Every structure is written in C-alpha cells, then in structure tokens.
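Colleague: this is a predicted model, with the sequence first.
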Amino acid sequence: MRIPSLLRSLSHFSITPLLLALAITGFTGCAGKPVDENDPASLMEEVEGTIKSDHFQLAIDKLRLIKNKFPYSKQASDAQIRIGDVYFMQESFIEAAVSYETFRDLHPKHERTGYALYRIGLSYYNDLPSTEARDFSLAQKALGAFDEYLTLFPQGEFAEETRKLRGETLSRMANKELYVADFYARRGYYDSAARRLKKLISAYPGTVAAQSAEQRLTAYAAKKSKNENFIPSERFSSPEAKDEEEIQ
C-alpha cells in the first residue's frame, strides 16, 4: 500500500500521532524496507532504526509489542533489555533500572545478565541527588547491584568500572552520614552526632569521610570534657526521630 493511500484511509478515523507513526513504519520499515510483521528479528532490526532516529517512545512501544507477540523468542528477551537501554538514553534512570531488574529476574542465566546487573547499579547511581542534603536511599540499591555483579562476575566485562562505581557510591554514602552528624552537632546534639560518626567509621572504613569522623569525635569528646556549649541529646525526646524527615 502506498503511504498517501494509507493516510487517506486513516483520515476518516480519530488517530493519535503515535499510532499513525506505528502504522507508517509498520508498512515501510526504518528506511523504506518492508518489514515482516511475523518475523521478530525483522521487527527488532526496524526498532534499532527507530532508536537511532531518537524516536524513543515509539521504540519502547514497538519493543513491548515484540515481547507480547513473540514471548518465547530470543527477541523477547532482547526487547526487554533494550527497553531498559532506551529509558537509560532518555535519562529516565528509575524506569531503566526497573526494566533491567525485570530482565535479570526473568533471565538469571542469560548471557547478558551481567550487563543488566551493571546497568541496574549504574541507573540507580546516576539518579542519586547531587547534594547529601537530599534522600540517599537509592545509593543502597546501587551498591546492592554492584555487589551482586562483582560476586557473580568478578572478572566480567564491567568488573573494573563496577569496582570504581562501588567505591564512589560508598564514599557518597559516607558523606551522607557525615552530613547528618554535622546537622546534629550544629544543633548541639553531640551524643547523636557521635553515634552517627561511629556508625560511619564502622560502615565506611578507609573513606575520607571516615577520617573526618575520627577528627570530629575527638573534638566532641574535648567539648564534652570541658562542657563547652555541650547539650546532651538525652535531655530531649528522640531528636534523631524528630529530624529524620528533614535530613534523610
């Protein structure tokens, strides 16, 4: 069918731009080449052209169609991981991580499981806030993915980069603990600050933040012994709980 004839036929119906694009590419392929709608390999080839053209949402829709139409084909698993890749290209990192996790869960023995694990960690890492003042809970998810990758693939293709990212994640998590400790110290809650610092030193030894924590503990001990502006946190009811939402 010629494209003008197709457009005239569709003009009688209410149709979204996305569905129109799907209809056109379904007939022409990515470069005027006919696509076999019953061949998942042919459809995947077409999708790659769609991705290269930066039509990301259209690509995701096509990939989902391949998964649903050919659930037991090799291309179904390829489509799942490519969905994660497309979300990653869009910097939709949480959606990317979820897509990679789905692939890992469905295909734990697949040859690309290592890639999926690496990308899970990288997606969560890339979505971390730029400042320690904001929520850092995603750091634990990134660390978990990096650890899983290094356990399963210690000599894998992404092992070196994963170790580097793991170290950076630990450093940022340590900096978060230091930020929280300083938050309490500025308010005079030195006991609460000291507990955070001890936790930091135990959980993140060898980091720059751990060295700073050691110095701060020494300073807090000196303040306490001299009673210089020292306010024991026990005088107040759970200051850490009270401020949890503000600083976590």
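Modeller: Happy to help now that I have it.
Colleague: mind splitting the chain into its structural domains?
Modeller: 1-90, 91-248 (automatic domain parsing).
Colleague: burial of S73, as a residue count?
Modeller: 17 (other Cβ atoms under 10 Å). All C-beta spots, glycine's among them, are computed from the backbone N, C-alpha and C.
Colleague: Serialize the domains of the chain to CSV and add fields for mean pLDDT.
Modeller: Formatted as CSV, these follow (pLDDT from 0 to 100):
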stretch, mean pLDDT
domain 1-90, 77
domain 91-248, 88
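Colleague: quick one: what helix or strand has the nearest residue to F136 once chain neighbours are set aside in it?
Modeller: In space, and not counting its chain neighbours, F136 is closest to K176: 4.6 Å by Cβ to Cβ, 6 or more residues apart in numbering. Using DSSP states H and E, K176 sits in helix 159-186.
Colleague: any idea how far that helix is from the chain center?
Modeller: Relative to its parent chain, helix 159-186 has a centroid offset of 17 Å by Cα atoms, centre = their mean, to the nearest Å.
Colleague: packing partners for the helix or strand that it is followed by?
Modeller: Counting by DSSP H and E, the next helix or strand C-terminal to helix 159-186 is helix 190-203. For helix 190-203, the elements it packs on are helix 159-186, helix 208-226, judged by 3 or more Cβ pairs under 8 Å, 6 or more residues apart in numbering; DSSP states H and E.
Colleague: on that earlier part again, which parts of the helix holding K176 count as buried, going by neighbours?
Modeller: 162, 165-166, 169-185 (16 or more other Cβ atoms under 10 Å).
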